[in-house]
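J.: Sequence and computational prediction follow.
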Amino acid sequence: MSKSIQDLFNEAVHAFDKDEYDRGIESLNPIINLYDLMHLSFIQRGRANWEMRRWDEAIKDFELSLRMKPDSADANWTVGLITLQMGDFEKGWAGYEHRWKSDAFKSARLKTKLPRWEPDKGYESVLVWCEQGIGDQIIYGSLLPALQKITPNVTAMVDGRLIKMFSRGMPGIKFVSHELKIKNSECQSQIPIGSLGSAFIHSFEDVPKYRVIHHVKANPDRAAAVRKELGINEEDFVVGLSWASTAPRVGAHKSIALKDLAPIFDLPNVKVVNLQYGEPKKEIDDFEKSTGKRIHQSFVNTFFDLEGVAAIIENCDVVVACSNANVHLAGGMGKPVLVFDANKLWYWNCKEGDRSTWYPSVRLFPRKDMITPWDDQVALVMDALKEMHDQVTFITDVFKEMQ
């Protein structure tokens, strides 16, 4: 029978009383080795409370873990994310900077000798460098014009798939591939794109003050070509559909089953077009065989060809999606979006009613926690879709009467 912690501690005390120090140390070692496990246990319980939207309890758990290990990058970073979600931006941004020391954070840090950009240093030029995924680059990219008002010459390294769309939407900023090597002599300062928020966003109210909208713009020629390819007519109510996230670790929590979205296909004159990236073919084939409903697909590669994806979105009356890159792309374009929100990302809690303050055209439908089914959100999204459908149909009918 294994000894309890209390038994081991008592053994050590008795051994020390007899001057048997080495035997006492042997009894204490198993207890002390639990220290790391206790620290990790607080982190795991904190993450579980976070998933269940018990933010205050999650913060308490992480603070207990930080009492044990104040330098824990994972704990500090996660506290940053939760406190940003709760609207405590001073504490949130401080914690967010710990992402670079976390083993869970996979973005590479730029190797540079340039000083960190700060708003009061009087720099004439700044290099903003790429980190995280497409969605993060789009949402934080909306702060680049605010940066340019302080520092006139902005060079932004971004995913190559975004360069042309960003250049159309923010023509005064120089966009280059994140794979390009920039000489230190070309800029006076640097900052990672995800850290721009700490310079401008100190409350939820700051978001609409500093972010821009319509900073992502599709190629009109590509949009016209895609419209022809998909056979979109004036009377069609076009819904762009994206139901899955491929993000590591959190993608399954954010995704919704395609079969749960079947009611969308019953709207009059609806044409559902595929925006889902990854490898959705089998799921689409199974869905079409089991329901008899069709998802229209173009020849656009929805992962590599984001210009093509933007062209599809440009032709949509509305995008329905879980929280993934397509939401950011459509939101940055100013397109109406209905989002199945898994309460996973801090910036979706920046909202007025159900409207995102980052993207005013985006409406958010959060579920209660990570294990609650999406049923209620599907019903709410369907209500919103029916209302939008009726409005679009009414406007189309009026336009026809005027001709």
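T.: Nice, thanks for sending it over.

J.: Can I get the one helix or strand in the chain whose mean pLDDT sits lowest in CSV? Just the C-alpha atoms.
T.: The least trusted helix or strand in the chain, going by mean pLDDT, DSSP states H and E, turns out to be helix 251-254, with a mean of 72. Extracted as CSV, the C-alpha positions of helix 251-254 are listed here (Å, rounded to 0.1, in the frame of the first residue of the first chain):
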residue,chain,number,x,y,z
GLY,A,251,-10.2,23.6,-34.6
ALA,A,252,-12.6,20.9,-33.5
HIS,A,253,-14.1,23.2,-30.9
LYS,A,254,-14.7,25.9,-33.4
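
J.: Quick one: list the elements packing against the helix or strand just after that helix.
T.: Of the helices and strands lying after helix 251-254 in sequence (DSSP states H and E), the nearest is strand 270-274. Counting by 3 or more Cβ pairs under 8 Å, 6 or more residues apart in numbering; DSSP states H and E, the packing neighbours recorded for strand 270-274 are strand 237-242. The C-beta positions use only the backbone N, C-alpha and C, and glycine is treated the same way.

J.: hmm, 10 Å instead?
T.: helix 220-230, strand 237-242, helix 306-314 (3 or more Cβ pairs under 10 Å, 6 or more residues apart in numbering; DSSP states H and E).

J.: What residues does Glu288 make contact with?
T.: Leu258, Arg294, Ile295 (Cβ atoms under 10 Å, 6 or more residues apart in numbering).

J.: who wins for most neighbours among the residues you listed?
T.: Among those, the one with the most neighbours (other Cβ atoms under 10 Å) is Ile295, at 22 neighbours.

J.: correct me, but that one touches Lys289?
T.: No: applying Cβ atoms under 10 Å as the test, Ile295 and Lys289 come out as separate, 11.8 Å apart.

J.: residues near the nearest residue to Lys209 once chain neighbours are set aside, how many?
T.: Once flanking residues are discounted, Lys209 sits nearest to Phe200: 7.9 Å by Cβ to Cβ, 6 or more residues apart in numbering. Number of residues near Phe200 (other Cβ under 10 Å) recorded here: 16.

J.: Trp55 is in contact with Leu86, correct?
T.: Just so we're on the same page, residue 86 is Met rather than Leu. Yes: using Cβ under 10 Å, Met86 is in contact with Trp55, at 5.6 Å.

J.: what touches both of the two?
T.: The contact lists of Met86 and Trp55 share Asn349, where a contact means Cβ under 10 Å, 6+ apart.

J.: now for the least confident helix or strand of the chain, which elements pack on it?
T.: strand 318-322, strand 337-341.

J.: Try it again at 6 Å.
T.: When contacts are defined as 3 or more Cβ pairs under 6 Å, 6 or more residues apart in numbering; DSSP states H and E, helix 251-254 packs onto no helix or strand at all.

J.: downstream neighbour of the helix or strand where Lys60 lies in the secondary structure list?
T.: In this assignment (DSSP H and E), Lys60 forms part of helix 55-68. Using DSSP H and E, the helix or strand that follows helix 55-68 in sequence is helix 73-86.

J.: show me where pLDDT drops low in the chain?
T.: Low-confidence segments of the chain, defined by pLDDT under 70: 1, 247-251, 393-403.

J.: can you do 80?
T.: Applying pLDDT under 80 to the chain flags residues 1-2, 246-253, 392-403.

J.: how about Pro220, what does it touch?
T.: By Cβ atoms under 6 Å, 6 or more residues apart in numbering, the contact set of Pro220 is empty.

J.: measure it to Glu314 for me?
T.: 8 Å (Cβ to Cβ, to the nearest Å).

J.: Make JSON lines out of the contacts of Glu288 and add distance to Asp236.
T.: Formatted as JSON lines, the contacts of Glu288 follow (distance: Cβ to Cβ, whole Å):
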{"residue": "Leu258", "distance to Asp236": "21"}
{"residue": "Arg294", "distance to Asp236": "13"}
{"residue": "Ile295", "distance to Asp236": "14"}
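
J.: quick one, strands of the stretch 1-150 of the chain?
T.: Secondary structure of the stretch 1-150 of the chain (DSSP state E, counting those that start in this stretch): strands at 125-129.

J.: In it, what residue spans correspond to helices?
T.: Under the criterion DSSP state H, counting those that start in this stretch, the stretch 1-150 of the chain contains helices at 5-17, 21-32, 34-51, 55-68, 73-86, 89-96, 134-141, 144-150.

J.: which one of these lies closest to His214?
T.: helix 144-150 (11.1 Å; Cβ to Cβ).

J.: From the chain's centre, how far out is the closest one? Work that out for me.
T.: Counting by Cα atoms, centre = their mean, to the nearest Å, helix 144-150 is centred 22 Å from the centre of its parent chain.

J.: And for stretch 140-155?
T.: That offset, for stretch 140-155, works out to 21 Å (Cα atoms, centre = their mean).

J.: and if you look at stretch 357-370?
T.: 11 Å.

J.: and that stretch, how far apart are its ends?
T.: 23 Å (Cα to Cα, to the nearest Å).

J.: Sort out which residues of that stretch are buried, please.
T.: Thr357, Trp358, Tyr359, Ser361, Val362, Arg363, Leu364, Phe365, Pro366, Arg367, Met370 (16 or more other Cβ atoms under 10 Å).

J.: so which pair among the residues you listed is furthest apart in space?
T.: Ser361 and Met370 (26.4 Å).

J.: Show me how the record splits the chain into domains.
T.: In terms of domains, the chain is parsed into 5-101, 125-210, 220-402 (source: automatic domain parsing).

J.: TSV please, covering the ones you listed and showing distance to Pro115.
T.: Compiled in TSV, the domains of the chain are given as follows (distance: least, Cβ to Cβ, whole Å):
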stretch	distance to Pro115
domain 5-101	16
domain 125-210	5
domain 220-402	28
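
J.: what's near enough to touch Glu307?
T.: Asn219, Arg222.

J.: right, and the domains of the chain - which one's nearest Arg116?
T.: domain 125-210 (6.2 Å).

J.: end to end, how far does the closest one reach?
T.: 19 Å.

J.: residues touching Ala342, list them.
T.: Contacts of Ala342 by Cβ under 6 Å, 6+ apart are His253, Lys254.

J.: Where do the helices of the stretch 301-403 of the chain begin and end?
T.: 306-314, 325-333, 375-402.

J.: So which residues make contact with stretch 92-106?
T.: Ala73, Asp74, Asn76, Trp77, Val79, Gly80, Thr83, Leu84, Arg109, Ser198.
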